[in-house]
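Student: attaching a predicted model along with its sequence, questions to come.
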Amino acid sequence: MIKKLNSLTILFLITMVMVVLMLITIQAPSDNNDDEGLLFPDLFGQLNLIDTLKFKSAQDEFTLFKKGEDWFIKERLNYPADFDLVKRALIDLSDTKILERKTDNPEQYPLLGVAGLDEGGDSLTLTMLKGDKTIAGLILGNERETTVTMGAKQFYVRREGEARAWLAEGYLNINPLMLNWIKSEVINIARERIAVVNIIQPNGQIATLVNLGEKDKFGTPQSLEKTVFKYEQLGYDIAGTLFQLRMEDVKAAKDFSRNGAEVVTAEFTTFDGLKVITKTSFNDGFYFTTFHAEFDASAIKAAPSDIQELNVLQTPEQVQAEVATINSDLQDWVYRFGGFVGTNMMRAKADMVTESENVIPMPADVMGFGS
């Protein structure tokens, strides 16, 4: 009986020791950073060092470079890149976590989509550098299908220069197309600041839009509140043309030709004396526009009280600084816009106002969001 009890005691002690050792093993930090934790463990501390991003895939190949605090696109005549997109992508890369170790067999790369262009595949390779020195590189493979619809996604990836593939989790929404990294917002002038819009045709005819003394209310000088637009919100839309205005593409002004197309001039004048002058033509199925800004002290006038309360108006000194920035940023470029924006910057009076019986009705509120 005593021998049996001693045997059970010894077995119990051995079992407890094994459990303790197992718990210590599970909870102990791993010495192999490749099998757990971050995909790029040191990247976050090196983000400020990165000054070049090289993208290479079957869809596109381009380079972003940093100058000062801003990013630019080398292959787009050094046009500014979207700073927020670049910053977000780098932070997301530094936060990406490894979930599982996968193959290191190149023959199996196509199954995961982790073969780069130089390896006969078509996956995106993103190389992050400081000067000519590579800090980190990613080959982005297929997204793994999961039941999760929100939050971080799972992707098969490889670190550039390494054979091992991994299943990783993160916000790796890295677009392979150069145009999607361009800073698309050209100019941002609040609609509430606009006092007058003059659209001048090549023959000298002018269509004028004026604020009617109330926020978001516009009409023609002749008819004022009785103005009948082609559709109800047309005056509102024209006045808001420069608000968060985004382009589709950009070209260098020095190399651009309108090829004889007629140019329509639009002047957007604000209550605080800013005048933005656009010149737009319709070339080969697209609208192309240049921008120039001026400070017109004689145009300064009191804005309606509901607009003054919005704190969107600028002092003369602020407007003059704004003019300098607009001209510095935009004068060397010609911007391509979609039909809605381009049409509004070229509208003749006959395309702006009509008789009440000819008004184009607004679409029905099929989504139920109307008032």
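Tutor: Done, it's in.

Student: please count neighbours and contacts with C-alpha atoms only from this point.
Tutor: Fine.

Student: list the buried ones in the strand ranked longest in the chain?
Tutor: For the chain, the strand with the greatest residue count under DSSP state E is strand 133-144. Buried positions in strand 133-144, judged by neighbour count with 16 or more other C-alpha atoms under 10 Å: Ile135, Ala136, Gly137, Leu138, Ile139, Leu140, Gly141, Asn142, Glu143.

Student: repeat for stretch 43-54
Tutor: By 16+ other C-alpha under 10 Å, the buried positions in stretch 43-54 come out as Leu43, Leu47, Ile50, Asp51, Thr52, Leu53.

Student: circling back: after the longest strand of the chain, which helix or strand is next? Please name it.
Tutor: With elements assigned by DSSP states H and E, the helix or strand that comes after strand 133-144 is strand 153-159.

Student: roughly how far is the helix or strand just after that following strand from the heart of the chain?
Tutor: Using DSSP H and E, the next helix or strand after strand 153-159 towards the C-terminus is strand 165-170. The chain centre lies 25 Å from the centre of strand 165-170; the measure is C-alpha atoms, centre = their mean, to the nearest Å.

Student: do stretch 192-201 as well
Tutor: 28 Å.

Student: list the contacts of that stretch.
Tutor: Residues outside stretch 192-201 that contact it (C-alpha atoms under 8 Å, 6 or more residues apart in numbering) are 206-211, 215-216, 239-240, 263-272, 303, 307, 312-313, 345-348.

Student: return the residues in contact with Asn188.
Tutor: Contacts for Asn188 (C-alpha under 8 Å, 6+ apart) come out as Leu242, Phe243, Gln244, Leu245.

Student: excluding its backbone neighbours, what's nearest the third one?
Tutor: So that's Gln244. Excluding the flanking residues, the one nearest Gln244 by C-alpha to C-alpha, 6 or more residues apart in numbering is Asn188, at 4.4 Å.

Student: and that neighbour, how far is that from Gln108?
Tutor: Separation of Asn188 from Gln108 (C-alpha to C-alpha, to the nearest Å): 49 Å.

Student: do the same with Tyr287
Tutor: Distance from Tyr287 to Gln108, by C-alpha to C-alpha: 47 Å.

Student: higher neighbour count, those two?
Tutor: Between Tyr287 and Gln108, Tyr287 has the larger neighbour count (other C-alpha atoms under 10 Å), namely 22 against 14.

Student: could you say which helix or strand holds the more buried one?
Tutor: Using DSSP H and E, the element containing Tyr287 is strand 286-295.

Student: by contact count, what packs against the helix or strand hosting Leu99?
Tutor: Here Leu99 sits within strand 97-101, counting by DSSP H and E. Contacts defined by 3 or more C-alpha pairs under 8 Å, 6 or more residues apart in numbering; DSSP states H and E place strand 97-101 against strand 165-170.

Student: list the contacts of the longest strand of the chain.
Tutor: 40, 43, 46, 50, 112-116, 123-129, 153-161.

Student: could you redo the last one with a cut-off of 7 Å?
Tutor: Contact with strand 133-144 is made by 112-114, 116, 123-129, 154-160, as judged by C-alpha atoms under 7 Å, 6 or more residues apart in numbering.

Student: ok so, going back, can you list the buried residues of stretch 43-54 in TSV and add secondary structure?
Tutor: Formatted as TSV, these follow (DSSP: H, G, I helix; E, B strand; the rest coil):
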residue	secondary structure
Leu43	coil
Leu47	helix
Ile50	coil
Asp51	coil
Thr52	strand
Leu53	strand
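
Student: just those now: which is nearest Ile174?
Tutor: Nearest to Ile174, judged by C-alpha to C-alpha, of the buried residues of stretch 43-54 is Leu53 at 11.8 Å.

Student: was I right about that closest one contacting Leu64?
Tutor: Yes. Leu53 is in contact with Leu64 according to C-alpha atoms under 7 Å; the separation is 5.1 Å.

Student: show me where pLDDT drops low in the stretch 51-200 of the chain?
Tutor: Along the stretch 51-200 of the chain, no part satisfies pLDDT under 70.

Student: the stretch 201-350 of the chain now?
Tutor: Across the stretch 201-350 of the chain, nothing is flagged by pLDDT under 70.

Student: pretty sure Val86 sits in a helix.
Tutor: Yes. Under three-state DSSP, Val86 falls within a helix.

Student: residues near it, how many?
Tutor: Quick note: Val86 (other C-alpha under 10 Å) scores 17 neighbours.

Student: now swap in Glu317 and tell me
Tutor: Neighbours around Glu317, by other C-alpha under 10 Å: 10.

Student: how about it, phi and psi?
Tutor: The phi and psi values for Glu317, taken as degrees, to the nearest 10, are phi -70, psi -40.

Student: how near is it to Ile206?
Tutor: According to C-alpha to C-alpha, Glu317 and Ile206 sit 30 Å apart.

Student: what's the answer for Phe218, then?
Tutor: Counting by C-alpha to C-alpha - Phe218 and Ile206 are separated by 16 Å.

Student: what about those two, which has more around it?
Tutor: More crowded of Phe218 and Ile206, by other C-alpha under 10 Å: Phe218, with 27 against 17.

Student: what residues go with each domain of this structure?
Tutor: The chain is divided into the following domains under automatic domain parsing: 34-181, 185-358.
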